[in-house]
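> sequence-free structure coming up:
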């Protein structure tokens, strides 16, 4: 009811009570008469004076309202209006609070954005600082290498000059000594010859008499010896023939001697074949890490080192795709635990283009597992003909005698393990294949079989049945090529250059950027071809006039390798177009020998 007391001026108009039968309230300000105190005290005191007219109006309105029959309704209506105003006021306050929360949230968001920007800027500055420090470190390292190279060149030059001077002095000394010795020798010989000639002339008669006497004595001695020997042999033979027991004993002795000679010869052959089967290397085995008795005696230090060496990582020095590395690492761990627990080994097939690391991993797997490896090639089986079956059995007998276990790696296995039903193979090769299938029919705890092939689809079905796990070796991708180029550049170029013992130096350029560029260019090349590229860089540096490997030489060798690879691919396509697909067996590495590179834009 604040409107009754003249408060809330400027607020909405008070409710209309004309319907309730009440007289309308008088206008604001009461009567038209002015307050003398108001006029005297001024406008500044109006806020501190009490409006009695408003109180009178309120009292009058309250009395009229009490007399009215709608007083209670008017009071309720007034209460509802007050409540409505309070709710509106609270709504406005809540709106203000909401706006305030939004403003606080906006401040928090702005502060977070500023903080994020500041952290991003700090990260960028740290990165730039780290790059700059790395650049400075590289530059310092390059300067240090250059300074070391210069110092080594100067020391080498000084040493060469000193050695040349010493050699010249030594040569002059030797020549002078030889000249003096020659003069003395000639003078001595001249004096001896003169003295001997003089003595011969003076004692000529005496020497001739001595020669005649010596010849007569020698002739007499020989004649007497012949007469004595004849008489002794004749008497002995007469005595031997007259005594029959001595004749029988002599015959028996000669017979036993002949039997002993032939028995020793035959026994020696048998023993040699036994030793060859047990200790020697079979003819089909091209390479093996298994020590023989004779090698152990011949190289004792090397034998001791091989026996005391610790197992190394199976993928040491081998760069492959991450998924393939994980698969091969699982195989290495399983093989090592199988070896330590005397379990049965699993047979594995390695297939893919040549030069992708199949043989290298097989050797490393054997060393990691503590086994011996033995490498044979399928191309050696067919030329053996009838002896192939015996040689194959000898290989497996030899493998079973190893105490450490043998990883038998068959390279180019598709050369003699082809399909017996479709391929035209000889009876000798078929018998050899049957012998191989017989010896590999069951799992073994003595040897582990690893087959390598570029054409696994040509295997006989029985061979496929004996394979427990297949691993595909593919040509390296960009990441693997980058790692390979850096590895071989360091092995064949940087290490010999920093040792200072060889005629090899490297020009100053960004090695990392150059290796990345080369890795992008050699798409399609195998790991073996990339390693040969490192050897080509080293040979080119040795062949240069100053022994310095420049960036130009590296690019030339890379271009030569790429051209050679493309030429080989062209040859392969031409051969495939001329040959009948599927009807004729092609050579060991014909089909997948080369992977054509992806076409590149000219630089």
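All right, it came through fine. The structure displayed is predicted, hence computed values, not measured ones. Numbering: from 1, shown residues only.
> Run a quick neighbour tally on residue 313.
Burial of residue 313 is recorded as 12 neighbouring residues (other C-beta atoms under 10 Å). C-beta here means a position set from N, CA and C on the backbone, and glycine is covered the same way.
> and what of residue 361?
Counted with other C-beta under 10 Å, the neighbours of residue 361 add up to 27.
> right, and the helix or strand after the lowest-mean-pLDDT helix or strand in the chain?
Here the helix or strand of the chain ranked lowest by mean pLDDT, DSSP states H and E is helix 36-41, holding a mean of 47. Going down the chain from helix 36-41, the next helix or strand is helix 52-67, by DSSP states H and E.
> Please tell me how far that following helix is from the chain's geometric centre.
Distance, stretch centre to chain centre, for helix 52-67: 105 Å (C-alpha atoms, centre = their mean, to the nearest Å).
> Please name every helix or strand in contact with it.
Other elements packing on helix 52-67 under the criterion 3 or more C-beta pairs under 8 Å, 6 or more residues apart in numbering; DSSP states H and E are helix 71-202.
> what about the helix it packs on, average pLDDT?
Computed over helix 71-202, the mean pLDDT rounds to 89.
> Show the subsequent helix or strand relative to that helix.
Scanning forward in sequence from helix 71-202 by DSSP H and E, the next helix or strand is helix 204-242.
> Report the buried residues of that next one.
By neighbour count with 16 or more other C-beta atoms under 10 Å, helix 204-242 contains no buried residues.
> And for stretch 535-555?
Neighbour counts over stretch 535-555 (16+ other C-beta under 10 Å) mark 536, 537, 538, 540, 541, 549, 550, 553, 554 as buried.
> same question, stretch 330-344
For stretch 330-344, a neighbour-count test (16+ other C-beta under 10 Å) marks 331, 332, 335, 336, 338, 339 as buried.
> And the contacts of it?
311, 314-315, 345-346, 348, 365, 368-371, 405, 443-445, 448, 469, 471 (C-beta atoms under 8 Å, 6 or more residues apart in numbering).
> at 6 Å what do you get?
314, 345, 365, 368, 369, 370, 405, 443, 445 (C-beta atoms under 6 Å, 6 or more residues apart in numbering).
> same question, stretch 490-505
The contact list for stretch 490-505 (C-beta under 6 Å, 6+ apart) reads 152, 506, 534, 535, 537, 538, 541, 547, 548.
> Counting neighbours, which bits of stretch 378-396 end up buried?
378, 380, 381, 384, 388, 389, 391, 392, 393, 394, 395, 396.
> end-to-end on that stretch?
15 Å (C-alpha to C-alpha, to the nearest Å).
> picking that back up, now the buried residues of stretch 378-396 as CSV including pLDDT and secondary structure?
Shown next, in CSV, are the buried residues of stretch 378-396 (pLDDT from 0 to 100; DSSP: H, G, I helix; E, B strand; the rest coil):
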residue, pLDDT, secondary structure
378, 87, helix
380, 88, helix
381, 88, coil
384, 86, helix
388, 88, helix
389, 90, helix
391, 90, helix
392, 91, helix
393, 91, helix
394, 90, helix
395, 89, helix
396, 91, helix
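> and of the residues you listed, the nearest to residue 261?
residue 394 (29.2 Å; C-beta to C-beta).
> Pull up the gap between the closest one and residue 432, please.
Using C-beta to C-beta, to the nearest Å, one obtains 12 Å as the distance from residue 394 to residue 432.
> Give the helix, strand or coil label for residue 349.
strand (DSSP: H, G, I helix; E, B strand; the rest coil).
> Make residue 1 into 453 and carry on from there
Right, with 453 as the first residue, what we last looked at is residue 801.
> contacting residues around it?
Applying C-beta under 6 Å, 6+ apart, the residues near residue 801 are 903, 919, 922.
> Now which of those would you call buried?
Those of the contacts of residue 801 that meet the buried threshold are 903, 919, by 16+ other C-beta under 10 Å.
> Reformat the contacts of residue 801 as CSV; add pLDDT and distance to residue 619.
Formatted as CSV, the contacts of residue 801 follow (pLDDT from 0 to 100; distance: C-beta to C-beta, whole Å):
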residue, pLDDT, distance to residue 619
903, 93, 58
919, 90, 65
922, 92, 63
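> Reformat the contacts of residue 801 into JSON lines and put distance to residue 563 next to each item.
Formatted as JSON lines, those follow (distance: C-beta to C-beta, whole Å):
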{"residue": "903", "distance to residue 563": "67"}
{"residue": "919", "distance to residue 563": "65"}
{"residue": "922", "distance to residue 563": "60"}
